[in-house]
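In: predicted model follows, preceded by the sequence.
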Amino acid sequence: MFELEKLDDSGARLLEDEENLDPTLEVVEGSSSLKQQRRFNQFQKCIKYFAVIAILATTIALSATYVFHKSDVASSPSYLPCDGSVEDRFANFARDAASLVSWCDAVISCAEQHTSAMLSFNGNASTLNAVDVLLGHANRIDWLIANAYDLAGLLQSVHPAQDVADAATNCSLSAGAFASRIGLDPDVYLALMNLNQSVYYNTTREIRRDANATAQYELNALDARYLQAQLDGFVSAGVNLDEATRNTLQQMDSTLQTLSAQFAQNIAHATSVITVPPSELGILEGLDPGFINERTDDTGTASFTTDYPDYIPIMHTAKNESLRRAMYLKFNTRAFPDNEEVLLQILRHRWDKARLLGYADFAELATSGNMVRNASRVQHYLNTIGALLEDAVDSEMMMLNSSTATHGVNVFKPYNYAYGHALYSNLSFALNSTEVASYFTTHLTLQGVLSVASQMYNISFTQNTAVPTWYSDVLAYDIYDKNQSNKLIGRAYLDLYPRTAKFKHAAMFPIRRGMADMQIPEAALVCNFPKAPAQMSFGDAVTFFHEFGHLLHHVLGGQDQQYIGFSGIATAWDFVEAPSQMFEHWPHSAATLQSFTRNAAGDPIPSALVRTLLQSEAFGVAVSTQQQIFYAFLSLKLHQVNPYHLNITEFVVNLTMTYSPFDFVAGSHFVASFGHLDGYGPLYYTYQWSLGIADDMFYSEFCPGKMQDDVTSNAFRQTVLAPGGRENAAKMVSNFIGRPWNASAYTSFLQGRLGSSCARHFTHGRG
């Protein structure tokens, strides 16, 4: 039997956020990073998984405080003049497509120069500066390619000018092609192998030069970890295979990058619309009149898009089942049929790549470096969680159905579930979702997020209205550390509202990864929240906290990092959601909510309404978690079957019958817009895995009574967030809680065995 109490970690991996599944079926939406879209930098040993895919980035012009530290860095033995030139031009990257193309070309050219410098280094590995030169050049290649990925990925996801978005896509493909080629270059690998063979580990796991060398030199543990990560990345990519196979792998990577970009762009451009003429406005019964009026033109025709600010209210409050079903089908056929064919090609190339690298399937390849270690353990974990939920899922669905049956609502139909849950909450708890939403706006929630983050980590946020952005309503905030005399430590960009051809979900996009004496971390939150005067749902508020948790991890984990590959969220893939999931507890605290919520009269949300809200949220946890398990099994099993004999629709229908609490709806094709299948591949299980870690940390240290405790928050910052990828993920957690982590707190919650001494989040699938 799988032992939830004895989970451990075996490595480190990185990046991505968020999801674009139907948010009404998972309590929250999310996709990237994080959601989504977490890319894999080959030279940072992420090429091991998928091909290098488009990375999230942003189009910000940097102020003088971000200038490259030439005085400190130019003396480094791995410094090249192109480093400073590329950095000087970074501030111009958002101007137009031509400047982006020119900058991207310069970045890749500079990375080529560093590669040549590595290969032409004449120093003997026994000389003192071999480590500084070879690891220094490798680190600078990481830095250059990461900056290109992070810039290009966001621009192709958010920039309103199509020529700039297209140039960003091409930049991403060029950077990916370079990373793939270098990651399979046996000469570069040999240079690092020669260095590795000239040193040995002593009993403290430090590395010393060979005892026969003329000079003794200790390579510290961080350098050793980075060197080993580089070597592991080359081997995982296939550098030891024959030349013909390496060439094939490189071509596969290139094709996968192109397919990935196409998959993402098809989703971004896939907004659908439902129009309701004046003669049929009666089908809008249940929707807020103000919501309808904002979407009604001069002819009296109301139009609703599949973007979240329209989709969620309709699925929760529209009384007309036909309208809900029509909107569900519009939402779940986005990017179909194009993306179903693209996905099939992605699955086939991943399958072929895994087989060339000696794995049974791509799921085995992708899980091999994570905490979970292999796909078999993933299935055991998911099955164990599912077994705990079986009776509760049946009970919740029966209670919902019996309660709503008199209203003609069958909650086994997925387009009825959110409405049925809202109806049940009103009948059982007297909860009115419109009343709850009256206390939330995007602006108020932003202030709440900033306030909580400031208090927890002793940092401050100052809006910067001078820095250019890529769109008029994007906000920029500089982040300062009060522990260091208000030192500038990062910048956050907030792109919060929907628009045409923009990324459709919610994710944190790294812009620049923090690196000592080189650059401070920057990131963007890209969301699709309602714009004033529209109200925000409680679920959207929790999403805001979750994604901001990723941003805090990126910034606070990007301080004083020597190696860019360990900066920020560059941790084990199946750990990286844990800090953000833990941060979701705070908006479930009455004290936190009352600190920023306000209705039209200026009053905070009443304590009684918070209690009712949380009671309502608690009901349905089993169903929403089971749906997450369905998504996790879908992402895993799609990468385990032979895709050359795969009918995707039939496969989804069969898995729905096996794992989902809902019926399959004929005509729906949600996998065409399931962004995680591109970004996360078979790793969607990480949301459930990370929840085990998040709840262990929260209930062990913050609950009860320490959610506002400065000492506990600082300990979390220093032991879990600040190391980034320098430390093994399980070790960081054990350093914080004083023992190896286990999933007992999470499983106790799912079984209803936790007390009410702390706030509790009830969301399970954010990006």
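Out: That came through, no problem.
In: pull the contacting residues for Tyr563.
Out: Contact analysis of Tyr563 by CB atoms under 8 Å, 6 or more residues apart in numbering lists Asn139, Asp142, Leu222, Tyr226, Met515. All C-beta atoms are positioned from the backbone trio N, CA, C, and that covers glycine.
In: quick one, strands of the protein?
Out: Along the chain, the segments classed as strands by DSSP state E run 32-33, 35, 199-201, 207-209, 218-219, 273-276, 302-305, 459-463, 475-481, 487-495, 507-512, 522-526.
In: export the ones you listed to a markdown table and tack on mean pLDDT and mean neighbour count?
Out: Listed next are the strands of the chain as a markdown table, based on pLDDT from 0 to 100; neighbours: other CB atoms under 10 Å:
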| stretch | mean pLDDT | mean neighbour count |
| --- | --- | --- |
| strand 32-33 | 41 | 34 |
| strand 35 | 34 | 34 |
| strand 199-201 | 55 | 16 |
| strand 207-209 | 49 | 19 |
| strand 218-219 | 63 | 18 |
| strand 273-276 | 97 | 15 |
| strand 302-305 | 98 | 19 |
| strand 459-463 | 98 | 16 |
| strand 475-481 | 98 | 20 |
| strand 487-495 | 97 | 22 |
| strand 507-512 | 95 | 32 |
| strand 522-526 | 96 | 30 |
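In: I'd like the ones you listed as JSON lines, with distance to His421 appended.
Out: Shown next, in JSON lines, are the strands of the chain (distance: least, CB to CB, whole Å):
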{"stretch": "strand 32-33", "distance to His421": "26"}
{"stretch": "strand 35", "distance to His421": "24"}
{"stretch": "strand 199-201", "distance to His421": "56"}
{"stretch": "strand 207-209", "distance to His421": "57"}
{"stretch": "strand 218-219", "distance to His421": "57"}
{"stretch": "strand 273-276", "distance to His421": "22"}
{"stretch": "strand 302-305", "distance to His421": "21"}
{"stretch": "strand 459-463", "distance to His421": "35"}
{"stretch": "strand 475-481", "distance to His421": "33"}
{"stretch": "strand 487-495", "distance to His421": "30"}
{"stretch": "strand 507-512", "distance to His421": "26"}
{"stretch": "strand 522-526", "distance to His421": "27"}
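In: how about the ones you listed, which one is nearest Leu287?
Out: Within the strands of the chain, the stretch nearest Leu287 is strand 302-305; the backing value is 9.1 Å (CB to CB).
In: remind me what the closest one packs against, helices and strands.
Out: strand 273-276, helix 308-317 (3 or more CB pairs under 8 Å, 6 or more residues apart in numbering; DSSP states H and E).
In: what comes into contact with the last one?
Out: By that I understand helix 308-317. Helix 308-317 has contacts (CB under 8 Å, 6+ apart) with 22-24, 29, 286-288, 291, 295, 304-305, 323-324, 327-328, 331, 415, 418-419, 422, 433-434, 498, 504-505, 528-531, 534, 537, 539-540.
In: got it, and the first one?
Out: Taking CB under 8 Å, 6+ apart as the criterion, the residues outside strand 273-276 that touch it are Ile283, Leu284, Thr301, Ala302, Ser303, Phe304, Thr305, Thr306, Leu323, Ala326, Met327, Lys330.
In: between these, which sits nearest Asp478?
Out: Once CB to CB is applied, the member of the contacts of strand 273-276 that ends up nearest Asp478 is Thr305, at 33.8 Å.
In: mind checking how far the closest one is from Leu494?
Out: Separation of Thr305 from Leu494 (CB to CB, to the nearest Å) stands at 22 Å.
In: how far away from the center of its chain is stretch 140-156?
Out: Its chain's C-alpha centre and that of stretch 140-156 lie 16 Å apart, by CA atoms, centre = their mean, to the nearest Å.
In: quick revisit: which one of the helices and strands packed on strand 302-305 lies closest to Glu112?
Out: Glu112 sits nearest to helix 308-317 of all the helices and strands packed on strand 302-305, at 42.2 Å, using CB to CB.
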